[in-house]
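Novice: Sequence first, then the predicted structure:
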Amino acid sequence: MKLWRKLPFIVFVLIGIVIAITKFSDSVFVNKEYSHQIEIKIYSGNLKYLYGILQEKQNEDYVSFNNKSNYLLVKLRNYGEKRAWGKLNVMSSQRKLAVILVNSLEGLSDEYFIYLVPIASADVKPESNISFEWEELFTK
């Protein structure tokens, strides 16, 4: 057989595969369905209140607001078996409050991963509903 005639075609196909894998490598790990394996708790308030949450001395149902500045405390825990990472959007009923780049949530974790994000007090009103949505979620 004249394998050398097929060699350029084989090399061309292999180069195409390598480019496709490199270009779309993150898409291989996309897994938004995994979000139900990640516990997310979001709190808004001043630093004193949020410190109380972290020390488990503050009632988590109480939300504290002040006129100067507020913070978001985002606690994440991965109950699933896979490592997860991605981009989490935190929103109020008025607007997007924060975009959190979650680097790595190890699977089967007993501990929370904690993010503290400063926000303007005008962004969150006491009647606001704070919600979240995974813009990107990857697992491996």
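Specialist: Looks like it came in fine.

Novice: got the buried residues for the helix or strand where Ile15 lies?
Specialist: In this assignment (DSSP states H and E), Ile15 forms part of helix 3-23. Within helix 3-23, no residue qualifies as buried by neighbour count (16 or more other Cβ atoms under 10 Å). All C-beta atoms are positioned from the backbone trio N, CA, C, and that covers glycine.

Novice: shift numbering so it begins at 53
Specialist: All right, first residue 53 from here; so that's helix 55-75.

Novice: Run through this structure and note the low-pLDDT ranges.
Specialist: Low-confidence regions of the chain, defined by pLDDT under 70, span residues 53-56, 72-80, 109-121, 146, 173-180.

Novice: so the residue nearest the centre of it is in which element?
Specialist: With distances taken as Cα atoms, centre = their mean, the chain has Leu140 as the residue nearest its mean C-alpha position (3.6 Å). With the criterion set as DSSP H and E, the secondary-structure element containing Leu140 is strand 136-143.

Novice: Direction included, what does the very next helix or strand once past that strand pair against?
Specialist: Helices and strands here follow DSSP H and E; after strand 136-143, the next one along the chain is strand 148-157. The sheet places strand 148-157 alongside strand 136-143 (antiparallel), with pairing taken from DSSP bridges.

Novice: Next, the buried residues of the strand it pairs with.
Specialist: Counting neighbours by 16+ other Cβ under 10 Å, the buried set in strand 136-143 is Ala136, Trp137, Gly138, Leu140, Val142, Met143.

Novice: Go ahead and confirm the fifth one touches Tyr167.
Specialist: No. The pair formed by Val142 and Tyr167 falls short of the contact definition of Cβ atoms under 8 Å, at 9.3 Å.

Novice: joint contacts of those two?
Specialist: Taking Cβ atoms under 8 Å, 6 or more residues apart in numbering as the contact criterion, the residues that touch both Val142 and Tyr167 are Leu124, Val126, Ile152.

Novice: Among those residues, which one sits closest to Thr191?
Specialist: Thr191 lies nearest to Ile152 out of these, by Cβ to Cβ, at 17.0 Å.
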